[in-house]
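Visitor: Sequence first, predicted model second:
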Amino acid sequence: MKRSDRLKQVAGHMSEERDVASRKLVELRAEMDQAEQQLQGLKQYLASYQAELEQIQQEGVSSARLQNYTAFLGQLHEALQQQERKTRNARLMFERQMDVWYQARTHVRAVEKAADRRAVVELHSADKSEQRLQDDLSLYRLAAAKR
């Protein structure tokens, strides 16, 4: 088996690894997008709940109801912080996987280029061998014709 063929096989295996990294990248992108959407939803919900609290405070509210609103707002703030952490982690995992995918893609391209260059060298070598064979055959015929 020629060296260029072996390099092409290696590139094929590396392409599979790149494809796996690509699929993982797509999954992590979806997770990151979902986390960001959930974060935006929580922010909107918190803002509307805070606006509602301000309105009922202006209208007058019992202290028990105010405590309930305040406690729930505390829970919303805590949920928002947790979602922010989840979103940051999802983004970090996506960025790390992007690096993995990029390196895999770069390696595949490098091996494919090496295989292509090697194939050109092998082709030139084969052409030279063929030319030498043709030259030798011509010399043999010429020598045979002179006899």
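Guide: That came through fine. Numbering: from 1, shown residues only.

Visitor: Give me the helices and strands touching the helix or strand where residue 38 lies, please.
Guide: In the assignment (DSSP states H and E), residue 38 maps to helix 3-59. Packing partners of helix 3-59 (3 or more CB pairs under 8 Å, 6 or more residues apart in numbering; DSSP states H and E): helix 63-146. For glycine as for every other residue, the C-beta is placed from the backbone atoms N, C-alpha and C.

Visitor: Just want the angle from the helix it packs on to helix 3-59.
Guide: Counting by axes from the mean of the first three to the mean of the last three CA atoms, to 10 degrees, helix 63-146 lies at 170 degrees to helix 3-59.

Visitor: what's the distance between residue 21 and residue 94?
Guide: Distance, residue 21 to residue 94, by CB to CB, to the nearest Å: 12 Å.

Visitor: on that earlier part again, just give me how far the helix holding residue 38 sits from the chain centre.
Guide: Distance of helix 3-59 from the chain centroid (CA atoms, centre = their mean, to the nearest Å) equals 12 Å.

Visitor: for stretch 102-111, same thing?
Guide: 12 Å.

Visitor: quick check: mean pLDDT across that stretch?
Guide: Averaging pLDDT along stretch 102-111 yields 93.

Visitor: And the contacts of that stretch?
Guide: Stretch 102-111 is contacted by residues 7, 10-11, 14-15, 17-18, 21 when judged by CB atoms under 8 Å, 6 or more residues apart in numbering.

Visitor: Stretch 24-34 now?
Guide: Stretch 24-34 is contacted by residues 87, 90-91, 93-94, 97-98, 100-101 when judged by CB under 8 Å, 6+ apart.

Visitor: I appreciate the help and will end here.
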